[in-house]
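> I'll drop the sequence and a predicted model, then ask my questions.
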Amino acid sequence: MIEHVASGKSSSQPNWRFYYWTWVAVLFAWAAWQRFGLPLDPIADPDVWGYLAPALRKLVGEEFGHTYGRNFVYPAFVFSLLRVFRDFRAIVIAQHLLGLLAVALFLVTWRRARVFVPDSRLSLAVHDGLGLLAATILLLAVEPIRAEMQLRPEGVCAFLVSLNLYFAIQFMACCFVEKRPRASVGHGIGTVFTAVLLASAKPSFGLIAILAVMPIAILFFRRGWFREKIALGIGAILGAALLLVPEYFLGRDDELGPAFLPATLFVNHADLIRDQMADDIQRGAAVPYSREWLERVYAALRTEIAKSFTARPDHYWSLGFDPDYLMYNPDSIVTQLRREFGNNGPDPSAFYRFYYWRIWQGRPLAVVRKIQTQMTVFYAAMCPVYNREKSLPLANKYGDGAYALRMEPNPELWMGYAPAVEFVNRTESLARNAPIIPQPIPIRMTLSFFAGLYRPLLWIAIAVGVLVLFQQRYRSRLGWLTGLVLFLYSYNGAACLEVAIVNSLEVRRYLTVQMFFTTVAQFLALWLLCEMAVEIRARRKIS
């Protein structure tokens with residue numbers, strides 16, 4: 001069944017093509033019905049103002065610009081849909097369509113990736129079957145569906161990731177395997193553009209964006225292709241500029257944006273900063289703050305950390321305190337420091353940055369342990385990107401959204417745009433009667449299986465990578481596929497490392513947003529293992 005003849009075609013190939021495309025049609029029809037049978041109003045959350053305010057301001061005749069440091073890409077997407085359709089339901093419809101398109105693009109990329117195994121011994125039916133199983137998980141699991149219903153960038157991340165993987169894999173295939181210069185230039189430019197787009201829409205994917213362009217950087221260190229390198233460099237710079245230049249000009253007037261990252265670093269490392277401040281006070285260290293003031297801030301920080309744990313002991317077990325409490329509670333440390341520096345005076349960001357870098361200097365091992373602890377949240381025995389719940393109730397999500405919408409600081413924007421008023425009314429109604437999304441037992445069992453398989457597959461892929469590296473007989477056939485598997489697994493490592501440094505992986509959205517490339521990595525690893533098994537079997541027959 002799994003080996004085919006030397007011509008690359010099996011006698012059952014026409015039948016398999018019929019079954020394959022029939023299942024694709026049924027699968028996408030089922031996935032579309034599952035999505036569009038749910039409420040189409042987007043789900044808001046406490047971050048909604050940062051993504052929605054720029055669009056609403058422009059729609060009521062004011063200027064489009066940054067709010068709370070959020071990049072312009074997703075707000076521009078929201079603005080475009082509201083300008084054309086004047087209905088908030090268009091956002092979820094568009095995100096559902098992009099979610100379906102993401103999986104369609106994955107299937108195209110999966111079939112294209114076959115070029116990485118010259119003269120594959122694995123039948124096309126088995127290869128396509130693995131791709132279909134991955135597509136089934138991505139389309140029918142409930143977590144991607146709920147992500148597509150959110151009024152935040154997570155709703156389009158699967159599509160942006162699929163686009164980036166398509167161009168990156170096409171570039172590697174054209175450049176390193178097929179040696180096609182012109183095609184390599186086009187796909188290389190697409191890789192850079194989609195990498196910058198991905199990081200712009202979701203800043204926690206910043207390290208992934210750097211990782212995605214590494215194959216292009218390798219090209220520039222190889223000999224030849226001088227004209228293609230020039231064209232690729234110019235095209236990549238122009239593509240990135242299309243996103244970075246508007247971002248620069250739009251972000252200049254955002255007063256709160258520059259303070260967001262320093263404050264986030266401060267509250268997520270508050271315990272280490274507290275201990276460092278205690279050491280500085282005890283030793284009389286030379287710091288640019290008076291001892292009296294530092295003692296007052298230290299006492300306040302120590303008190304607020306204790307309060308945060310008491311207020312919500314079930315939050316952030318890995319940190320031992322609640323950084324959200326420190327950041328957003330109106331009486332907690334961030335608000336107190338803003339008052340200390342004067343509401344109209346200098347921003348406390350310089351203080352945040354100073355003590356963040358000071359803990360790297362004074363207690364680097366403690367910072368590394370914090371990062372290690374956060375990484376273990378993802379690399380647990382059961383990979384947490386797969387939501388294995390029996391069902392996901394929507395009413396409570398809409399209820400949280402209704403509360404967040406009522407708390408927005410500029411209600412005149414809502415009242416000035418009629419579709420926004422209608423959206424708020426529908427959200428309040430859905431908070432009472434929104435349905436529950438069930439997750440069938442076969443899907444839950446499959447998700448549980450792959451959640452438990454993630455870490456063993458990673459170790460096996462690394463071991464196979466070492467074997468392929470030192471064994472020429474395997475490297476000639478499976479070297480490129482092995483590299484591709486490790487490349488996709490490194491997406492998880494990059495995404496988790498960035499969050500572990502800046503924030504906490506206990507924030508659920510930082511995990512579930514990785515589901516797309518996590519699934520792709522695992523199925524590439526399964527393909528590699530199948531190829532390796534067939535290769536070993538064939539060699540045993542010869543011997």
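Great, that's in hand.

> what about residue 84, how many neighbours?
9 (other CB atoms under 10 Å). Where C-beta positions appear, they are placed from N, C-alpha and C, glycine not excepted.

> quick check, it in contact with residue 90.
Yes. With contacts counted by CB atoms under 8 Å, residue 84 reaches residue 90, the gap being 7.4 Å.

> which intervals of the stretch 401-543 of the chain have sub-threshold pLDDT?
Residue ranges of the stretch 401-543 of the chain with pLDDT under 70: 542-543.

> can we see that at 80?
Applying pLDDT under 80 to the stretch 401-543 of the chain picks out residues 407-415, 472-474, 535-543.

> where do the helices sit along the stretch 51-200 of the chain?
73-85, 89-112, 124-140, 142-148, 154-172, 181-201 (DSSP state H, counting those that start in this stretch).

> and what of the stretch 351-500 of the chain?
Taking DSSP H, counting those that start in this stretch, the helices of the stretch 351-500 of the chain run over residues 364-378, 395-406, 411-415, 418-433, 441-470, 472-502.

> out of those, the one nearest residue 227 is which?
helix 472-502 (25.2 Å; CB to CB).

> angle of the closest one against helix 181-201?
20 degrees (axes from the mean of the first three to the mean of the last three CA atoms, to 10 degrees).

> quick one, helix 472-502 and helix 154-172 angle?
Per the same axes, to 10 degrees, the angle that helix 472-502 makes with helix 154-172 is 150 degrees.

> buried stuff in helix 472-502?
474, 477-500, 502 (16 or more other CB atoms under 10 Å).

> packing partners for it?
helix 154-172, helix 206-212, helix 257-268, helix 364-378, helix 441-470, helix 515-542 (3 or more CB pairs under 8 Å, 6 or more residues apart in numbering; DSSP states H and E).

> and stretch 115-132, how far out from the chain's middle?
In terms of CA atoms, centre = their mean, to the nearest Å, the centre of stretch 115-132 is found 28 Å from the chain centre.

> now it: average pLDDT?
Averaging pLDDT along stretch 115-132 gives 89.

> next one: stretch 237-249
Taken as a whole, stretch 237-249 has a mean pLDDT of 90.

> buried set for that stretch?
By neighbour count on 16+ other CB under 10 Å, the buried set for stretch 237-249 is 239-240, 243, 246-247.

> then stretch 445-462?
Within stretch 445-462, the residues that qualify as buried are 446-447, 450-451, 453-454, 457-458, 460-461, counting by 16+ other CB under 10 Å.

> swap in stretch 35-48?
By 16+ other CB under 10 Å, the buried positions in stretch 35-48 come out as 35, 38-45, 47-48.

> in TSV, list the helices of the stretch 351-500 of the chain along with distance to residue 214.
TSV is the format used below for the helices of the stretch 351-500 of the chain (distance: least, CB to CB, whole Å):
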stretch	distance to residue 214
helix 364-378	21
helix 395-406	38
helix 411-415	42
helix 418-433	42
helix 441-470	16
helix 472-502	8
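
> to residue 281, which of these lies closest?
With CB to CB as the yardstick, what comes closest out of the helices of the stretch 351-500 of the chain is helix 364-378 (17.7 Å).

> helices or strands up against that closest one?
helix 270-283, helix 349-362, helix 472-502.

> check which helices and strands the first one sits against.
Counting by 3+ CB pairs under 8 Å, 6+ apart, the packing neighbours recorded for helix 270-283 are helix 291-311, helix 349-362, helix 364-378.

> can you pull the buried residues of the last one?
Neighbour-count burial for helix 364-378 flags 367, 370, 373-375, 377-378 (criterion: 16+ other CB under 10 Å).

> over to the second one?
Taking 16+ other CB under 10 Å as the basis for neighbour counts, the residues of helix 349-362 that come out buried are 349, 351-352, 355-356, 358-359, 362.

> grab the CA positions of that helix and hand them over as CSV.
The C-alpha coordinates for helix 349-362 follow below in CSV (Å, rounded to 0.1, in the frame of the first residue of the first chain):
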residue,chain,number,x,y,z
SER,A,349,8.7,53.9,31.2
ALA,A,350,12.3,54.8,31.9
PHE,A,351,12.0,53.4,35.4
TYR,A,352,10.4,50.2,34.0
ARG,A,353,13.2,49.8,31.5
PHE,A,354,15.9,50.5,34.0
TYR,A,355,14.8,47.8,36.5
TYR,A,356,14.0,45.3,33.8
TRP,A,357,17.6,45.5,32.5
ARG,A,358,18.9,45.6,36.1
ILE,A,359,17.5,42.2,36.9
TRP,A,360,19.3,40.8,33.9
GLN,A,361,22.5,42.3,35.3
GLY,A,362,21.9,41.5,39.0
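
> how far off centre is it?
Averaging C-alpha positions (CA atoms, centre = their mean) puts helix 349-362 27 Å from its chain's average.

> repeat that for stretch 62-80.
19 Å.

> neighbouring contacts of stretch 226-235?
Residues from elsewhere that reach stretch 226-235, judged by CB atoms under 8 Å, 6 or more residues apart in numbering: 181-182, 184-185, 188-189, 192, 216, 219-220.

> rerun that using 6 Å as the cut-off
Applying CB atoms under 6 Å, 6 or more residues apart in numbering, the set of residues contacting stretch 226-235 from outside is 181, 185, 188-189, 220.

> who wins for neighbours among those residues?
Neighbour-wise, the contacts of stretch 226-235 (other CB under 10 Å) top out at residue 188, 29 neighbours.

> tell me the contacts of the closest residue to residue 396 other than its chain neighbours?
Spatially, and ignoring its direct neighbours in sequence, residue 396 is nearest to residue 431 (7.9 Å; CB to CB, 6 or more residues apart in numbering). Each residue near residue 431 by CB under 6 Å, 6+ apart is listed here: 395, 398-399, 402.

> now swap in residue 192 and tell me
When contacts are taken as CB under 6 Å, 6+ apart, residue 192 is in contact with 213, 236, 239.

> looking at those, spot the one nearest residue 294.
residue 213 (42.7 Å).

> pretty sure residue 151 sits against residue 44.
Yes. Using CB atoms under 6 Å, residue 151 is in contact with residue 44, at 5.1 Å.

> before we move on, the earlier item: would you turn the buried residues of stretch 237-249 into CSV with secondary structure and distance to residue 469?
What follows is those, written out as CSV (DSSP: H, G, I helix; E, B strand; the rest coil; distance: CB to CB, whole Å):
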residue, secondary structure, distance to residue 469
239, helix, 34
240, helix, 33
243, helix, 37
246, helix, 43
247, helix, 40
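
> out of the residues you listed, the closest to residue 224 would be?
Distance ranking of these against residue 224, using CB to CB, places residue 239 first at 23.3 Å.

> just the terminal-to-terminal distance for stretch 106-126.
Criterion CA to CA, to the nearest Å; first-to-last residue distance in stretch 106-126 is 17 Å.

> buried set for that stretch?
Quick answer for stretch 106-126 (16+ other CB under 10 Å): 106-107, 109-110, 113-117, 120-126.

> cool, and stretch 285-299?
The neighbour-count check on stretch 285-299 (16+ other CB under 10 Å) flags 294, 297-298 as buried.
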